[in-house]
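Chemist: Got a predicted structure plus its sequence, pasted below:
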Amino acid sequence: MDKESRDYEVCLCYHVTRGEIEDMIKENNIRDLKTLCEVAKVGDKCGGCREDLDMILSEVNS
């Protein structure tokens, strides 16, 4: 699946999609990765999604 799709599963450990992440960033006015990980409850198990999370965070806030 395309990483740009809102249905793309960013966090495989917790099954969180790009769309859910984008919505959380906008709804909570999140500006940094640490806060995003805490609010979305992602990125703390294997850490494999952190690069994608950071990229999405930058795109939403640009």
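Modeler: All right, it came through fine.
Chemist: Any idea how many residues pack against residue 27?
Modeler: Residues near residue 27, counting by other C-beta atoms under 10 Å, number 9. From N, CA and C alone the C-beta is placed, and that goes for glycine too.
Chemist: which secondary structure elements does the helix or strand in which it is found contact?
Modeler: Element membership for residue 27, per DSSP states H and E: helix 18-28. Judged by 3 or more C-beta pairs under 8 Å, 6 or more residues apart in numbering; DSSP states H and E, the packing partners of helix 18-28 are strand 9-11, helix 33-40, helix 50-61.
Chemist: For the ones you listed, give me a markdown table that also has distance to residue 27.
Modeler: Output for the helices and strands packed on helix 18-28, formatted as a markdown table (distance: least, C-beta to C-beta, whole Å):
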| stretch | distance to residue 27 |
| --- | --- |
| strand 9-11 | 16 |
| helix 33-40 | 9 |
| helix 50-61 | 11 |
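Chemist: Mean pLDDT, mean neighbour count and distance to residue 24 added to these, as TSV?
Modeler: What follows is these, written out as TSV (pLDDT from 0 to 100; neighbours: other C-beta atoms under 10 Å; distance: least, C-beta to C-beta, whole Å):
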stretch	mean pLDDT	mean neighbour count	distance to residue 24
strand 9-11	96	21	11
helix 33-40	95	16	5
helix 50-61	97	16	10
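Chemist: For residue 17, which residues are in contact?
Modeler: 6, 7, 8, 9, 10 (C-beta atoms under 8 Å, 6 or more residues apart in numbering).
Chemist: Which single one of the residues you listed is nearest to residue 40?
Modeler: Ranked by distance to residue 40 (C-beta to C-beta), the contacts of residue 17 are led by residue 10 at 9.2 Å.
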